[in-house]
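Colleague: structural data only, the sequence is not supplied:
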């Protein structure tokens, strides 16, 4: 089923490329929620010459120099391309908020800036697909425990947030209330089963592509002086 869906997505990408349409796909959710498994399947579906993956981590210099959205402006896709963001501008109102890196008094303004930024992308014809991967605390802990066994995947636990953290759940509730907009709705993916999560994510992307991308090839313009 996944292989068939990957082939279908590859076909759906063709009109995007031919018509020069832009697209942005957001992968958001806590550590261990199945995002990367779904991303691997998406990367296997798309023409690698026409998409780029950007992984967002907290970086103090980026956070303190210029407008906080500027790093994402630089990642916007050109015509005919897709930008895939693995963790996104929503870190500012999720992880960074829970970890005290985002001032509470700035949260309403941040939500406004995010909505305006996404509306600008829509207004210029960019397709925006927002996927939030949910995961239960038990499944998350099992996956993180397996990761800790590998010396190649060690990382600091200081900024690791549990899926059932009350502060995180509060931040997530406010995120959904403030950014699940008509022009860029959230699609929630149940990440407890990675295979089913990948299937649901690719189905959501395929549905969005089918609705947004032109169904007909672009019209060819005759060369100057030729007779039609």
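Modeller: Sure, I can see it. Model, not experiment: these values are computed from the prediction.

Colleague: following the chain past the least confident helix or strand in the chain by mean pLDDT, name the next helix or strand.
Modeller: The weakest-scoring helix or strand in the chain, judged by mean pLDDT, DSSP states H and E, is helix 60-64 (a mean of 62). Downstream of helix 60-64, the next assigned helix or strand under DSSP states H and E is helix 70-73.

Colleague: and the spatially most central residue of the chain, what does it touch?
Modeller: Residue closest to the mean C-alpha point of the chain, counted by CA atoms, centre = their mean, is residue 26 at 0.8 Å. Contacts for residue 26 (CB atoms under 8 Å, 6 or more residues apart in numbering) come out as 85, 88, 90, 128-131. For glycine as for every other residue, the C-beta is placed from the backbone atoms N, C-alpha and C.

Colleague: quick one: it from residue 216, how far?
Modeller: Distance of residue 26 to residue 216, given as CB to CB, to the nearest Å: 28 Å.

Colleague: please, where are all the helices along this protein?
Modeller: 2-19, 35-45, 60-64, 70-73, 95-98, 107-123, 137-148, 166-179, 194-212 (DSSP state H).

Colleague: now stretch 28-35: buried residues?
Modeller: Using 16 or more other CB atoms under 10 Å as the test for burial, stretch 28-35 gives 28-35.

Colleague: ok, residues contacting that stretch?
Modeller: With CB under 8 Å, 6+ apart, stretch 28-35 has contacts from 27, 86-88, 90, 94, 130-135, 139-141, 143-144, 147, 160-163, 168, 189, 191-194, 197-198.

Colleague: out of those residues, which end up buried?
Modeller: For these, buried by 16+ other CB under 10 Å: 27, 86-88, 90, 94, 130-135, 139-140, 143-144, 161-163, 168, 189, 191-192, 194, 197-198.

Colleague: show me what the top strand by length along the chain is packed up against.
Modeller: Ranked by number of residues, the top strand in the chain under DSSP state E is strand 127-134. Where contact means 3 or more CB pairs under 8 Å, 6 or more residues apart in numbering; DSSP states H and E, strand 127-134 is packed against strand 23-28, helix 35-45, helix 107-123, strand 186-190, helix 194-212.

Colleague: which of those is buried the deepest?
Modeller: strand 23-28 (a mean of 24; mean count of other CB atoms under 10 Å).

Colleague: give me the angle between that strand and helix 35-45.
Modeller: 160 degrees (axes from the mean of the first three to the mean of the last three CA atoms, to 10 degrees).

Colleague: relative to strand 23-28, what are the paired strands and their orientations?
Modeller: For strand 23-28, the pairing partners within the sheet under DSSP bridges are strand 82-86 (parallel), strand 127-134 (parallel).
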